[in-house]
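# Quick check, what structure comes out for this input:
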Amino acid sequence: MKVEDIRAKSDAELASELTSLKEELFKLRFQHSTNQLENPAQISSVKKDIARVMTVIRERELTATK
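Now for the predicted structure:
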């Protein structure tokens with residue numbers, strides 16, 4: 001997921017994207033704990049996507065308060 005794609009989304013879309021990413025991270029962690037996860041690097045990738053979305057949300061909050 002690229003930052004340009006994230007910034008093109010609306011606030012509601014970002015909120016739903018964040019929710020779905022957190023659900024995916026939960027599922028990946030569960031698979032990892034039961035030794036069913038084939039690629040553990042997926043966890044870090046999803047974490048980075050969550051951080052990107054949260055960063056864009058925070059940027060919008062800060063620009064809205066100015």
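# Now Gln42: closest residue in space, sequence neighbours ignored.
Among residues not flanking Gln42 along the chain, Leu28 sits closest, at 5.6 Å (Cβ to Cβ, 6 or more residues apart in numbering). Where C-beta positions appear, they are placed from N, C-alpha and C, glycine not excepted.
# Now do Thr34: how many residues are near it, please.
8 (other Cβ atoms under 10 Å).
# next one: Ile6
Counted with other Cβ under 10 Å, Ile6 comes out at 17.
# Is it correct that it is in contact with Arg52?
Yes: counting by Cβ atoms under 8 Å, Arg52 is a contact partner of Ile6 at 5.7 Å.
# just the helices in this structure please.
Applying DSSP state H to the chain gives helices spanning 3-7, 11-33, 41-65.
# Do I have it right that Val56 meets Asp5?
No: counting by Cβ under 8 Å, Asp5 is not a contact partner of Val56; they are 10.1 Å apart.
# and the two? which has more neighbours close in?
Val56 (19 against 10).
# Against Ser33, how distant is that one?
30 Å (Cβ to Cβ, to the nearest Å).
# Spatially central residue for this structure, please.
Centroid-nearest residue in the chain, with Cα atoms, centre = their mean: Ile50, separated by 2.3 Å.
# That residue contacts Leu18, doesn't it?
Yes: counting by Cβ under 8 Å, Leu18 is a contact partner of Ile50 at 6.7 Å.
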